[in-house]
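1. with the sequence up front, the predicted model follows.
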Amino acid sequence: MVVQPVVLQPVVLQSVVLPVAATCTTVFTKITATCHGMNGATPESLMLSQTDQFHLRRAYDEAVTGFDEGGCPIGSLLARGDVVLASGRNRRVQQGDPIAHGEMDALRRAGRQTTYRDTTLYTSLSPCMMCSGTIVQFGIPRVVIGENQNFGGNEDFLRKRGVEVVIANDPGCIALMERFIREKPELWAEDIAQEL
Ligand SMILES: [Zn+2]
């Protein structure tokens, strides 16, 4: 499945336009091939460091994998700086597990952590209340969200509890969820516990 056209677009950082591939190559050559899509140069996206962009990119890739598996396309990643502790994706369908949201899956796969205070959680879609509560419970201080246009509402809950919330408004994340909601409204309603 091709969700996004593989077209390299510029990332604007402090008014300097750099080709994405060149930018990625300087830091993470392994991820260069998947750096398309993290673009848009919105004011929000300018807040993202290159590390943020790469990690969010990988969360998006997890979401695409989930889509291809027939599941809810929501991906997540837990990182300590440049170090990826684990990535995960919503596995409601794949595992028959309603609690396996993308964020929960990433946290589970990261295993036991002595502390979360130096970590950032990335998620392709704004976290639900279950995942937001877990973020607060675990003391995760920073969350980078791919988009909150298709689902959101818990950002203030997080901010009021001291969590830094960054919303990327990423076009790729938005388009993927729009397609999923359009094609599988029943599955989406099930995941967010709403009646159709
Ligand atoms: Zn959730």
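-> The structure has been received and is ready for your questions. Numbering: from 1, shown residues only.

2. low-confidence stretches in the protein?
-> 1-46 (pLDDT under 70).

3. hmm, residue 128 is touching residue 194, no?
-> No - using CB atoms under 8 Å, residue 128 makes no contact with residue 194, being 11.2 Å away. Just so you know, the C-beta spots here come from the backbone N, C-alpha and C atoms, and that holds for glycine as well.

4. who has more neighbours out of these two?
-> Higher neighbour count among residue 128 and residue 194: residue 128, with 22 against 9, using other CB atoms under 10 Å.

5. any idea how far that one is from residue 47?
-> 23 Å (CB to CB, to the nearest Å).

6. next one: residue 96
-> Counting by CB to CB - residue 96 and residue 47 are separated by 37 Å.

7. which one's more surrounded, these two?
-> residue 47 (12 against 8).

8. tell me how far the more buried one lies from residue 168.
-> In terms of CB to CB, residue 47 sits 8 Å off from residue 168.

9. just residue 104 next, same as before
-> With CB to CB as the criterion, residue 104 and residue 168 are 21 Å apart.

10. between those two, who's got more neighbours?
-> residue 168 (27 against 20).

11. so that one sits against residue 145, correct?
-> Yes - using CB under 8 Å, residue 168 makes contact with residue 145 at a distance of 6.6 Å.

12. so which residues on the chain come close to the ion?
-> Within the chain, the positions near the ion by CB under 5 Å from the ion are 101, 128, 130, 131.

13. contacting residues around the first one?
-> Shown in contact with residue 101 (CB atoms under 8 Å, 6 or more residues apart in numbering): 74, 76, 90, 92, 127, 128, 130, 131, 191.

14. pull the number of nearby residues for the third one.
-> Think residue 90. 30.

15. helix, strand, or coil at residue 79?
-> Per DSSP: H, G, I helix; E, B strand; the rest coil, the secondary structure class of residue 79 is strand.

16. wait, doesn't it sit right on residue 54?
-> No - applying CB under 8 Å, one finds residue 79 not in contact with residue 54, separated by 9.2 Å.

17. can you tell me the SS state at residue 85?
-> Assignment for residue 85 (three-state DSSP): strand.

18. mind starting the numbering at 168 from now?
-> Okay, using 168 as the starting number, the last item reads as residue 252.

19. picking that back up, list buried residues within the contacts of residue 268.
-> The neighbour-count test (16 or more other CB atoms under 10 Å) marks 241, 243, 257, 259, 294, 295, 298, 358 as buried among these.
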